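Asker: After the sequence you'll find the predicted model.
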Amino acid sequence: MNSIQLSIEELIFSFYSEGLYEQGMGLKDTYFPNIKEEDLKFMLEIASRSLLAKDMVKEEDKQYYLKEEYAEYIHVLNSADSTLKGSKFSFDLAHEESVTYHLKQGKVYSHQMLHDHQVHAIMEVEEESAVKDLNTFFQLISLESDKSGVLFSLTDAEFEGLLEVASQQINDPQNIVKNFSALQKNHDFAQLVTDLIKRKGKMDSFLYLKYDVNNSPDLVDITFFIPGQNCSWVLTRSQLQGLDVREADKSFIPGLLEKLITVSA
């Protein structure tokens with residue numbers, strides 16, 4: 001079996017079972033901040049029986065412990081080598097969805113939260129499968145270009161200013177473009193502005209995290225992704241402390257997963 005699905009209660013029990021008490025308590029405080037000690041004990045007992053019904057726990061000294069073949073899925077949530085988190089806004093921009101990939105000891109695991117974050121699905125995946133799933137998640141099924149170059153670049157100040165006016169829903173892209181003298185005649189920039197206005201300045205994103213000796217996450221890099229009318233835009237950090245803008249191409253998603261491996265080195 002290369003996947004598990006756990007309810008919040010089952011995941012808390014699993015953290016406790018593996019001696020990851022800080023993680024279990026953190027999850028408890030998030031979802032059940034006011035639960036009493038006796039109610040917590042009863043909840044964990046129910047969770048252990050639920051896991052017993054799934055044949056995921058074993059009994060030792062009248063206590064239930066997670067079976068070894070499932071323990072690795074719990075530990076990857078606690079101590080991955082690196083993490084790639086992709087987040088996207090819904091079509092109506094009303095809510096955000098995410099999918100996470102963890103790398104641990106050369107293996108890639110996907111982690112999704114289902115049913116309004118009440119169920120955690122953790123699966124060991126091959127890189128090819130992860131590429132397919134990410135393409136589907138971000139609706140990048142029919143990309144044409146094999147490799148796209150940099151179309152133009154933005155300074156951090158230009159980028160922040162563009163997001164600010166786009167979020168104000170000023171439906172006048174040509175007037176906005178005029179404020180960027182170096183890009184006034186750039187058709188691609190004008191289209192990006194139009195697409196950003198339609199999305200109210202909201203962007204999808206990919207975060208890269210690695211972990212220090214204390215298992216604290218460090219943000220290594222971030223890539224922004226903007227679905228547009230004619231193409232999908234990719235914004236990455238440039239060597240000049242700004243952002244390079246490209247069109248998403250066929251190498252985009254595979255490159256994300258390759259970077260997941262390299263940032264852990």
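Answerer: Ah, there it is.
Asker: hmm, who's touching the helix ranked longest in the chain?
Answerer: Assignment by DSSP state H gives helix 37-53 as the longest helix of the chain. Outside helix 37-53, the residues that touch it by CB atoms under 8 Å, 6 or more residues apart in numbering are 7, 9-10, 12-14, 16, 28, 32, 35, 57, 59, 64, 66. Backbone N, C-alpha and C define where each C-beta goes, glycine included.
Asker: Alpha carbons of stretch 76-86, in PDB - could you do that?
Answerer: C-alpha atoms of stretch 76-86 as PDB (Å, rounded to 0.1, in the frame of the first residue of the first chain):
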ATOM      1  CA  VAL A  76       7.400  12.600   6.300                       C
ATOM      2  CA  LEU A  77       4.900  15.200   7.500                       C
ATOM      3  CA  ASN A  78       7.200  16.000  10.400                       C
ATOM      4  CA  SER A  79      10.700  15.800   9.000                       C
ATOM      5  CA  ALA A  80      10.900  16.000   5.200                       C
ATOM      6  CA  ASP A  81      14.100  17.000   3.500                       C
ATOM      7  CA  SER A  82      12.300  19.600   1.300                       C
ATOM      8  CA  THR A  83       8.800  20.600   0.400                       C
ATOM      9  CA  LEU A  84       7.000  22.000  -2.600                       C
ATOM     10  CA  LYS A  85       3.600  23.600  -1.900                       C
ATOM     11  CA  GLY A  86       1.400  24.600  -4.800                       C
END
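Asker: quick one on the thing from earlier: ok, and for the longest helix of the chain, which residues are buried?
Answerer: L40, M43, L44, A47, S48, S50, L51 (16 or more other CB atoms under 10 Å).
Asker: could you redo those as CSV and give each row distance to Q118?
Answerer: Listed next are those as CSV, based on distance: CB to CB, whole Å:
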residue, distance to Q118
L40, 18
M43, 14
L44, 17
A47, 13
S48, 18
S50, 13
L51, 16
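Asker: could I get the residues you listed as CSV with pLDDT and distance to E126?
Answerer: Shown next, in CSV, are the buried residues of helix 37-53 (pLDDT from 0 to 100; distance: CB to CB, whole Å):
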residue, pLDDT, distance to E126
L40, 96, 38
M43, 97, 36
L44, 96, 34
A47, 97, 31
S48, 95, 32
S50, 96, 30
L51, 96, 27
